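Peer 1: structure here, sequence nowhere to be found:
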């Protein structure tokens with residue numbers, strides 16, 4: 001059986017430029033929260049630029065659009081960091097700093113252990129989640145899917161996987 005990690009993408013559009021006083025509370029906590037995530041059980045990897053955060057990286061023409069992309073050993077590890085660590089105090093204030101979107105801003109998917117997701121793939125998965133709803137290809141904390149399992153019935157030499165919904 002293959003080993004899988006959970007990848008997560010979180011996107012947001014700031015309510016002001018990142019050097020504006022409105023975002024000072026968010027910017028002042030970035031390094032602290034990133035260090036907390038890096039040291040959390042189950043953390044594998046996060047996207048970051050030369051400054052140690054992903055806020056400086058641009059993936060669209062919109063300078064207020066940011067991407068947070070991480071990989072964790074399990075959904076439970078990611079959930080614990082997101083909702084049971086000091087991160088939750090920043091998360092609770094997200095709408096002080098970021099616009100409320102009309103479409104999903106977070107998606108999860110299983111990533112083969114030892115590989116890293118690309119931002120392009122992550123954004124495509126978020127678009128897929130928006131269009132199709134939760135599936136094994138892109139899902140949410142509320143509608144989770146178990147890691148893919150190798151299908152031993154494959155006879156054509158290709159790896160076939162399947163996934164099942166989890167409660």
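Peer 2: Looks like it came in fine. Computed from a predicted structure; not experimentally measured.

Peer 1: low-confidence stretches in this structure?
Peer 2: 1-2, 150-167 (pLDDT under 70).

Peer 1: which strand in the chain has the most residues?
Peer 2: strand 4-13 (DSSP state E).

Peer 1: buried residues in the helix or strand just after that strand?
Peer 2: Sequence-wise, the next helix or strand beyond strand 4-13 is helix 24-39, with elements assigned using DSSP states H and E. Within helix 24-39, the residues scored as buried using 16 or more other Cβ atoms under 10 Å are 26, 27, 29, 30, 33, 34, 36, 37. For the C-beta atoms, the positions are set from N, CA and C on the backbone; glycine is no exception.

Peer 1: before we move on, back to that, just give me how far the longest strand of the chain sits from the chain centre.
Peer 2: Relative to its chain's centre, strand 4-13 lies at 1 Å (Cα atoms, centre = their mean, to the nearest Å).

Peer 1: quick one, strands of this protein?
Peer 2: 4-13, 43-46, 65-72, 106-112, 149-150, 161-162.

Peer 1: returning to that earlier point: okay if I get the buried residues of helix 24-39 as TSV plus distance to residue 136?
Peer 2: Shown next, in TSV, are the buried residues of helix 24-39 (distance: Cβ to Cβ, whole Å):
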residue	distance to residue 136
26	33
27	36
29	34
30	32
33	29
34	29
36	30
37	25
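
Peer 1: of these, closest to residue 17?
Peer 2: Proximity of the buried residues of helix 24-39 to residue 17 (Cβ to Cβ) peaks at residue 27, which lies at 10.7 Å.

Peer 1: report the contact partners of that closest one.
Peer 2: 18, 55 (Cβ atoms under 8 Å, 6 or more residues apart in numbering).

Peer 1: how close does it get to residue 125?
Peer 2: 28 Å (Cβ to Cβ, to the nearest Å).

Peer 1: nearest to residue 14 among the buried residues of helix 24-39?
Peer 2: Closest to residue 14, out of all of the buried residues of helix 24-39 and judged by Cβ to Cβ, is residue 26, at 8.2 Å.

Peer 1: tell me the spacing between the closest one and residue 81.
Peer 2: From residue 26 to residue 81 the distance is 17 Å (Cβ to Cβ).

Peer 1: next: residue 57.
Peer 2: Residue 57 is 21 Å from residue 81, by Cβ to Cβ.
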